[in-house]
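Chemist: What shape does this take:
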Amino acid sequence: MGPRESVLEISAQMNAAVIGQQQVVDRILIALLADGHVLMEGLPGTAKTRSVKTLSRLVESEFGRVQFTPDLLPSDVTGSEIYREQTATFDFQPGPIFGNLILADEINRAPAKVQSSLLEAMEERQVTVASQTHKLPDLFLVMATQNPIEQEGTYPLPEAQMDRFLLYVRVDYPDGDDESAILRLVRGEKSGSGPEAPPPVPQEVIFQARKEVQGIHVAEAAEQYMVDLVLATRHPQRYEGELPNWIRLGASPRGTLALDAAARAHAWLQGQDFVSPDDIRAVAPACLAHRVHLTYQAEAAGVTRTDVIDELLRQVVPV
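Modeler: The predicted structure follows:
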């Protein structure tokens with residue numbers, strides 16, 4: 001079984017375990033293939049945590065979970081130096097961030113000092129404690145969750161933190177048929193009659209898949225389309241309609257890089273050897289929504305960041 005077949009099998013297993021959230025599963029796999037991080041936003045009970053834990057069972061990995069709370073300390077995430085009386089030395093005790101698949105649960109419940117402890121890890125794949133730098137594993141993916149309706153006792157993520165996430169995924173409620181399927185699935189799991197999980201996919205298969213994704217061809221016209229989309233977020237006054245009244249600040253160059261990486265992964269999953277405009281449009285909301293900052297006028301009118309990206313896709317067309 002080749003890398004693509006193995007990843008498609010992971011997709012099938014995840015969709016069987018996380019019912020009604022196919023788009024979420026697709027986005028998580030794109031992040032895995034593009035070596036990026038995911039921010040998932042949704043109401044409680046929408047299988048955000050379940051989707052991450054399911055992936056950790058399907059891929060040969062060490063799973064780490066951090067439950068963010070207001071009293072959490074940075075050392076609770078990164079680890080700390082511990083004094084050993086026997087040897088009269090300080091030894092580094094790694095924190096939960098030293099894993100392969102890291103669930104940062106309810107990340108907006110911790111203050112900025114704790115949130116910032118993830119910045120170096122997410123961007124540079126290393127952690128510095130007591131002037132010593134510790135490298136993180138080659139397979140390292142942070143999947144953070146947050147609740148969109150909680151306001152008391154929460155700390156909104158700073159823009160620099162948001163920009164570190166490759167993808168933003170909105171997790172919605174399932175429909176009626178999926179809700180019934182979820183009921184039967186959980187009932188079967190509790191009774192022990194659920195299906196057995198297949199053997200986990202070795203990490204080397206994921207690395208091979210990433211190499212194939214890097215080999216996906218991106219034509220000059222596709223590159224220009226990605227650049228045009230990002231530039232449109234920075235210069236909305238060039239376009240008609242409400243865009244100039246909605247966008248306060250556009251996406252950084254990380255937005256262009258995210259579009260390129262995610263579009264390649266999407267094309268690879270579709271069995272293509274090149275990136276098409278459809279691939280770019282498919283990943284644009286997840287790559288750009290959290291990088292666009294709305295005006296007070298847009299927020300007052302109930303306009304969401306995803307609405308803005310949808311309007312950009314309508315007005316910005318490939319050459």
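Chemist: which stretches of the stretch 1-150 of the chain form strands?
Modeler: Taking DSSP state E, counting those that start in this stretch, the strands of the stretch 1-150 of the chain run over residues 38-42, 63-67, 79-84, 89-94, 101-105, 126-129, 132-135, 141-146.
Chemist: whoops, the stretch 201-319 of the chain was the one
Modeler: Using DSSP E, counting those that start in this stretch, strands in the stretch 201-319 of the chain cover 247-249, 293-294.
Chemist: With mean pLDDT as extra columns, can I get these in TSV?
Modeler: What follows is those, written out as TSV (pLDDT from 0 to 100):
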stretch	mean pLDDT
strand 247-249	92
strand 293-294	92
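Chemist: for those strands, which one sits closest to G36?
Modeler: Set against G36 and scored by Cβ to Cβ, those come closest in strand 293-294, at 20.4 Å. Bear in mind the C-beta positions are built from the backbone N, C-alpha and C, glycine included.
Chemist: same for that closest one, what does it pack against?
Modeler: strand 247-249 (3 or more Cβ pairs under 8 Å, 6 or more residues apart in numbering; DSSP states H and E).
Chemist: Sheet-wise, list the partners of the strand it packs on with their directions.
Modeler: Strand 247-249 has the following sheet partners, assigned by DSSP bridges: strand 293-294 (antiparallel).
Chemist: any idea which residue sits dead centre in this structure?
Modeler: V38 (1.0 Å; Cα atoms, centre = their mean).
Chemist: sorry, back to before: mind giving me CSV with the strands of the stretch 201-319 of the chain and columns for distance to G45 and mean neighbour count?
Modeler: Below are the strands of the stretch 201-319 of the chain laid out as CSV (distance: least, Cβ to Cβ, whole Å; neighbours: other Cβ atoms under 10 Å):
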stretch, distance to G45, mean neighbour count
strand 247-249, 33, 17
strand 293-294, 27, 18
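Chemist: Out of those, the one nearest T154 is which?
Modeler: Across the strands of the stretch 201-319 of the chain, T154 has its closest neighbour in strand 293-294 (18.4 Å, Cβ to Cβ).
Chemist: right, so of the strands of the stretch 201-319 of the chain, which gets closest to D71?
Modeler: So among the strands of the stretch 201-319 of the chain, strand 293-294 is nearest, using Cβ to Cβ, at 29.8 Å.
Chemist: Centre of the chain to that closest one, how far?
Modeler: 20 Å (Cα atoms, centre = their mean, to the nearest Å).
Chemist: Just to check, Q22 is in contact with N15?
Modeler: Yes. With contacts counted by Cβ atoms under 8 Å, Q22 reaches N15, the gap being 5.7 Å.
Chemist: The two: which has the busier surroundings?
Modeler: Between Q22 and N15, N15 has the larger neighbour count (other Cβ atoms under 10 Å), namely 17 against 13.
Chemist: pLDDT at that one, what is it?
Modeler: What the model reports as pLDDT for N15 is 90.
Chemist: E152 now?
Modeler: pLDDT at E152 comes out at 62.
Chemist: Tell me which stretches of the stretch 51-200 of the chain form helices.
Modeler: Shown for the stretch 51-200 of the chain, the helices assigned by DSSP state H, counting those that start in this stretch span residues 74-78, 112-115, 119-124, 159-163, 176-191.
Chemist: Buried residues, the longest one. List them.
Modeler: The reference is to helix 176-191. 182, 185 (16 or more other Cβ atoms under 10 Å).
Chemist: outside of it, which residues touch it?
Modeler: With contact meaning Cβ atoms under 8 Å, 6 or more residues apart in numbering, helix 176-191 is reached by 17, 19-20, 174, 194.
Chemist: any idea how far it is from the chain center?
Modeler: Distance, stretch centre to chain centre, for helix 176-191: 26 Å (Cα atoms, centre = their mean).
Chemist: before we move on, the earlier item: so which of the contacts of helix 176-191 wins on neighbours?
Modeler: Busiest of the contacts of helix 176-191 [other Cβ under 10 Å] is A17, holding 22 neighbours.
Chemist: Quick check: T54 vs V18, distance?
Modeler: 6 Å (Cβ to Cβ, to the nearest Å).
Chemist: neighbour count winner among these two?
Modeler: V18 (25 against 21).
Chemist: Let me see the contact set for that one.
Modeler: Neighbours of V18 in contact, by Cβ under 8 Å, 6+ apart: 24-25, 47, 50-51, 54.
Chemist: Farthest from the middle of the protein: give me that residue.
Modeler: No residue in the chain sits farther from the centre than Q86, which is 42.9 Å out by Cα atoms, centre = their mean.
Chemist: low-confidence ranges in the stretch 101-250 of the chain?
Modeler: Residues of the stretch 101-250 of the chain that meet the criterion pLDDT under 70 lie in 149-153, 193-195.
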